[in-house]
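> here is my input; please provide its structure:
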Amino acid sequence: MTEHSVREVEHEITVAAPPADVYRLLAEVENWPQIFPPSVYVDYLEREGNEERIRIWATANGEAKNWKSRRTLDPDKLRITFWQEVPAPPVAEMSGTWIVEQLGEQETRLRLLHTYRAIDDDPEGLEWIEQAVDSNSKAELPGLKAGVENAVQKDKLSISFVDSLRISGSAKDVYDFVNEAQLWTERLPHVADVELTEETPGLQMLRMNTRAKDGSTHTTESVRVCFPHHRIAYKQTTLPALMTLHTGRWDFEEGADGFTTASSQHTVVINPDNITSILGPEADIVEAREFIRDALGNNSRATLGHAKDYAEARG
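Numbering: from 1, shown residues only. Take a look at the predicted model:
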């Protein structure tokens with residue numbers, strides 16, 4: 001019988017929050033893109049009792065990957081065990097455990113265990129996995145720490161909002177306009193330059209230079225997960241200086257009357273260290289929230305407006 005090269009690693013971090021809050025945010029996977037830097041989008045496939053199947057899109061070593069995992073939740077022992085159903089190459093097997101341990105009423109030790117092996121025990125594949133696990137774990141744990149601590153402290157640095165538009169056209173046509181981002185320099189005046197790659201269908205890497213009102217441009221990079229023809233979820237991996245997090249979602253819902261409601265949702269965490277350098281020495285968090293709402297909202301509404309023209313012309 002062939003013996004495989006299985007590796008086991010552990011990472012841990014101390015979180016200034018009650019263990020119950022730490023466990024809850026780990027259990028609620030829909031919030032992962034706001035908590036874990038590598039996570040782009042997560043949804044549930046099956047849920048029954050404490051057993052569930054989830055689908056995860058995330059970055060690893062600068063590449064976009066997706067996989068399905070099964071999880072067993074143990075809220076009494078504050079443990080979550082997980083394993084990948086069909087790992088993405090070069091991973092042959094991947095499993096792990098989140099262990100939440102109480103240090104005090106407001107302090108928790110969070111341990112993350114991984115067990116894995118590479119396809120055919122390939123040394124290069126094993127090294128790739130080791131680097132991905134190490135880098136993602138080192139990004140996930142501080143991200144989780146900040147996310148939980150901010151939530152407990154009710155931090156005012158977060159902002160979420162939605163812009164919607166009713167369109168006399170099909171959801172498919174509106175979706176196509178947003179999905180075909182490689183054409184945005186021709187279709188959207190505020191986009192100066194764009195580069196779109198899609199090696200895996202439905203999983204896009206988008207690099208874009210966007211024009212601001214004052215004529216300046218800023219570069220952003222995003223990973224987008226596309227679900228024809230009703231949703232595109234994304235997370236920015238290269239951010240403007242005023243943000244430490246930006247996730248979003250385009251939703252397209254076609255009604256029985258033939259009209260489509262198209263929505264753009266944003267969730268942002270403000271970088272307080274850069275407020276005064278960007279908005280002026282007297283600027284504060286309130287002004288930063290207004291600035292971000294205005295800037296992102298204007299671009300979203302402009303995109304929705306052009307998508308409306310495109311879809312209605314085709315209808």
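
> is Ser69 located within a strand, as I assumed?
Yes. Counting by DSSP: H, G, I helix; E, B strand; the rest coil, Ser69 is part of a strand.

> that one and Gln84 touch, don't they?
Yes. Here Ser69 reaches Gln84: they are 5.2 Å apart, a contact under CB atoms under 8 Å. (Each C-beta comes from the backbone N, C-alpha and C, glycine too.)

> quick one, which of those two is more surrounded?
Ser69 (21 against 18; other CB atoms under 10 Å).

> next up, the contacts around that one.
Arg53, Ile54, Arg55, Ile56, Phe82, Trp83, Gln84, Glu85 (CB atoms under 8 Å, 6 or more residues apart in numbering).

> report the lowest-confidence entry in these.
Looking at the contacts of Ser69 by pLDDT, the weakest one is Gln84, with 87.

> burial measure for Tyr44, as a count.
11.

> Leu110 falls within a helix, correct?
No. Applying three-state DSSP, one finds Leu110 to be strand, outside a helix.

> surely it and Ile13 touch.
Yes. Proximity of Leu110 to Ile13 meets the contact threshold set by CB under 8 Å, at 5.5 Å.

> look at the two and report which has more neighbours.
Taking neighbours as other CB under 10 Å, Leu110 and Ile13 compare with Leu110 leading, 24 against 17.

> hang on, the earlier thing: mind giving me the ChimeraX select for the contacts of Ser69, buried ones only?
In ChimeraX syntax, the buried subset of these is picked out as below (16 or more other CB atoms under 10 Å):
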select :54,55,56,82,84
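
> which helix or strand contains the spatially most central residue of the chain?
Centroid-nearest residue in the chain, with CA atoms, centre = their mean: Val40, separated by 2.6 Å. Following DSSP states H and E, one finds Val40 within strand 39-48.

> what packs against whichever helix or strand comes after that strand?
Counting by DSSP H and E, the next helix or strand C-terminal to strand 39-48 is strand 51-60. Taking 3 or more CB pairs under 8 Å, 6 or more residues apart in numbering; DSSP states H and E as contact, the helices and strands that strand 51-60 lies on are strand 39-48, strand 63-74, helix 123-152, strand 217-227.

> where among those is average confidence lowest?
helix 123-152 (a mean of 86).

> buried residues in it?
125-126, 128-129, 132-133, 135-137, 140-141, 143-152.

> over to stretch 70-85?
Buried-residue list, stretch 70-85, by 16+ other CB under 10 Å: Arg70, Arg71, Leu73, Leu78, Arg79, Ile80, Phe82, Gln84.

> dump the residue contacts of the fourth one.
Contacts for Leu78 were tallied using CB under 8 Å, 6+ apart; they are Pro19, Ala20, Val22, Tyr23, Ile99, Val100, Glu101.

> among the residues you listed, which lie within strands?
Members of the contacts of Leu78 lying in strands (criterion: DSSP state E): Ile99, Val100, Glu101.
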